[in-house]
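S.K.: Structure for this input, please:
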Amino acid sequence: MRTDSSPGTDPSLGVLPAREHLPAGVGDAPVLDVVIPVYNEERDLGPCVRRLHRHLVGTFPYRFRITIADNASTDATPDVAASLAAALPEVRNARLEQKGRGRALRTVWSASDAPVLAYMDVDLSTDLNALLPLVAPLISGHSDLAIGSRLARSSRVVRGPKREFISRAYNLILRGSLQARFSDAQCGFKAIRRDVARVLLPLVEDTGWFFDTEMLVLAERAGLRIHEVPVDWVDDPDSTVHIVKTATDDLKGVWRVGRALAVGALPLDRLARPFGDDPRDRQVPGVPRGLARQLVGFCVVGALSTLVYLLLYSGFRTFTGSQVANALALLVSAVANTAANRRLTFGVRGRDRAVRHQAQGLVVFAIGLALTSGSLAALGAASADPAHSTELAVLVAANLAATVLRFLLFRAWVFPEPPAPPAPPAPPVPGAPDASRPTYDHELRTGR
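M.R.: Here you go, the predicted structure:
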């Protein structure tokens, strides 16, 4: 997937390495670090950690660590955490003096040396048999993040109607406002590769419950792969989560992230994989790179743009002539069409060259304007007072012709494919002469 690098981006923060299978049994660092964020959980913390520890010892084939992230607890939670860390060698304790689940996860994950980072809620509502399927795609290099989903078809969930309604309503809001495609944002059962977290976490602003959603939305928009695992989940009736406050904070977060994405304020190009890691980057003989996906995206954007154009034309036509209404409607829809095709069809992200792309889009708009205006002029010459339905039919036909031309110009001129990087030189054949050194015949001719 193509990206435009934002000017001024620090290369040290930038593109992610290609995903590779993590080596097994190398070094002393654990492969998996499971973080359990807690606040005043003196009663549940001990049984939770011991149960998780038994499960990992018995089933997980790699080294692991369990980190208790204490969010400024005021009860005996710090003492319980300290005793667990002293009793179990794979358990450690981290104390934060400020509350916030997102803050705890960011702090511990950023300091961890494990290549796979996970977290789960202290109530262990999620069946632990889903833990290995959760982290396996990250260990293998298949995926960048993984989430447990209570809303998958094969998930088995026990909870009251109130929480069920809130969860499904929240995910519908995410799909409608942020175009999220993952099914469950708030299940407390997630994992991420450390190399991804190193670049992604600095972009996540929230420090509370919206942290998960923001992280997933940014990862998805950047083209990272999110693996979903159906889980068995039983609601904790003693949960201390304040539903109203959490829902309010989440909606504020949705508005903040949606606005940042709309204006292109997030440098998502930092999360790009190197060219060639995505199989869609590969050049297949006889198959133009990305053509099928671009055609689908262009048709969807074009259909929506045409609908917007016709609505605008009908609105403007009520108080002005057909030519002026056509020009105004086409101008507004063309700017939106260029922006949508830039991001959705041709995969260009970031602000770099955005103004240039819009200027080139306006040239394409002028060509479309000439086609549609010429069609209206021809209709006016053929009929002194054409019906409004006839005008719309002529405009649709003219727009279809303009659309074909627009796609060709967008693909070849406005958003051309970058040239593929040169192939690495072939390794030298043993015994073959080195082309970079003078041959014996050359030495005879030149005397050197």
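S.K.: host element of Asp33?
M.R.: Asp33 belongs to strand 32-38 when assigned by DSSP states H and E.
S.K.: hey, where'd the helices end up in the stretch 1-150 of the chain?
M.R.: Using DSSP state H, counting those that start in this stretch, the helices of the stretch 1-150 of the chain run over 45-59, 77-87, 101-111, 131-140.
S.K.: Tell me the spacing between the closest residue to Arg317 other than its chain neighbours and Ala402.
M.R.: Leaving aside its sequence neighbours, Arg317 sits nearest to Ala325 (C-beta to C-beta, 6 or more residues apart in numbering; 4.3 Å). Any C-beta I mention is one placed from the backbone N, CA and C, and that applies to glycine too. Noted for Ala325: a distance of 17 Å to Ala402, by C-beta to C-beta, to the nearest Å.
S.K.: what about those two, which has more around it?
M.R.: Between Ala325 and Ala402, Ala402 has the larger neighbour count (other C-beta atoms under 10 Å), namely 23 against 20.
S.K.: Okay, the more buried one and Leu408: tell me how far apart.
M.R.: Separation of Ala402 from Leu408 (C-beta to C-beta): 11 Å.
S.K.: The strand holding Asp33 packs against which elements?
M.R.: Secondary-structure packing of strand 32-38 (3 or more C-beta pairs under 8 Å, 6 or more residues apart in numbering; DSSP states H and E): helix 45-59, strand 64-71, helix 101-111, strand 116-120.
S.K.: got a list of contacts for it?
M.R.: Contact with strand 32-38 is made by 45, 48-49, 52, 56, 60, 62-71, 73, 77, 81, 101, 104-105, 108-109, 112-114, 116-122, 131, 135, as judged by C-beta atoms under 8 Å, 6 or more residues apart in numbering.
S.K.: buried subset of those?
M.R.: 45, 48-49, 52, 56, 60, 62-71, 73, 77, 81, 101, 104-105, 108-109, 112, 114, 116-122, 131, 135 (16 or more other C-beta atoms under 10 Å).
S.K.: for the host helix or strand of Leu172, which positions count as buried?
M.R.: Secondary structure assigned from DSSP H and E places Leu172 in helix 161-178. Of all the residues in helix 161-178, those buried under the rule 16+ other C-beta under 10 Å are Ile166, Ser167, Tyr170, Asn171, Ile173, Leu174, Leu178.
S.K.: Pull the most distant pair out of those residues.
M.R.: Ile166 and Leu178 (17.5 Å; C-beta to C-beta).
S.K.: remind me which residues of this structure are low pLDDT?
M.R.: For the chain, the stretches with pLDDT under 70 are 1-15, 24-27, 237-244, 273-290, 349-350, 418-448.
S.K.: downstream neighbour of the biggest helix by length in it in the secondary structure list?
M.R.: Counting by DSSP state H, the longest helix found in the chain is helix 354-382. Scanning forward in sequence from helix 354-382 by DSSP H and E, the next helix or strand is helix 388-409.
S.K.: Packing partners of that next one?
M.R.: helix 291-317, helix 322-340, helix 354-382.
S.K.: For Val158, which of the ones you listed is the nearest?
M.R.: Of all those, it is helix 291-317 that lies closest to Val158, at 39.0 Å by C-beta to C-beta.
S.K.: Who are the packing partners of the closest one?
M.R.: helix 322-340, helix 388-409.
S.K.: Quick one: closest of the helices of the stretch 1-150 of the chain to Ala272.
M.R.: helix 131-140 (18.6 Å).
S.K.: How about that closest one, which residues are buried there?
M.R.: Buried, per 16+ other C-beta under 10 Å, within helix 131-140: Leu131, Leu132, Leu134, Val135, Ala136, Pro137, Leu138, Ile139.
S.K.: Relative to Val196, how far out is the second one?
M.R.: Using C-beta to C-beta, one obtains 20 Å as the distance from Leu132 to Val196.
S.K.: So what's the gap between stretch 182-190 and the chain middle?
M.R.: Centroid separation for stretch 182-190 versus its chain: 14 Å, with C-alpha atoms, centre = their mean, to the nearest Å.
S.K.: Could I have the CA atoms of it written out in PDB?
M.R.: Output of stretch 182-190 as PDB, limited to C-alpha atoms (Å, rounded to 0.1, in the frame of the first residue of the first chain):
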ATOM      1  CA  PHE A 182     -12.700  -4.800  13.500                       C
ATOM      2  CA  SER A 183     -15.700  -6.200  15.500                       C
ATOM      3  CA  ASP A 184     -14.900  -5.600  19.200                       C
ATOM      4  CA  ALA A 185     -12.900  -2.600  20.400                       C
ATOM      5  CA  GLN A 186     -13.300  -2.900  24.100                       C
ATOM      6  CA  CYS A 187     -12.700  -6.600  24.900                       C
ATOM      7  CA  GLY A 188      -9.900  -6.600  27.500                       C
ATOM      8  CA  PHE A 189      -7.800  -9.200  25.600                       C
ATOM      9  CA  LYS A 190      -5.300  -7.800  23.100                       C
END
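S.K.: List the contacts of that stretch.
M.R.: 118-121, 125-126, 130, 134, 145-152, 167, 170-171, 174, 209, 212-213, 216, 220, 226, 228-229, 231, 233.
S.K.: does Ala118 really touch Ala191, like I thought?
M.R.: Yes. The criterion here is C-beta atoms under 8 Å, and Ala118 meets it with Ala191 at 3.9 Å.
S.K.: overlap in contacts of these two?
M.R.: Residues touching both Ala118 and Ala191 (C-beta under 8 Å, 6+ apart) are Leu134, Val135.
S.K.: Please give me every residue in contact with Gln360.
M.R.: Trp413, Val414.
S.K.: Repeat the analysis, applying 10 Å as the threshold.
M.R.: Listed by C-beta atoms under 10 Å, 6 or more residues apart in numbering, the contact partners of Gln360 are Thr338, Arg353, Leu409, Phe410, Trp413, Val414, Phe415.
S.K.: if I look at it, how far off is Leu291?
M.R.: Using C-beta to C-beta, Gln360 is found at 20 Å from Leu291.
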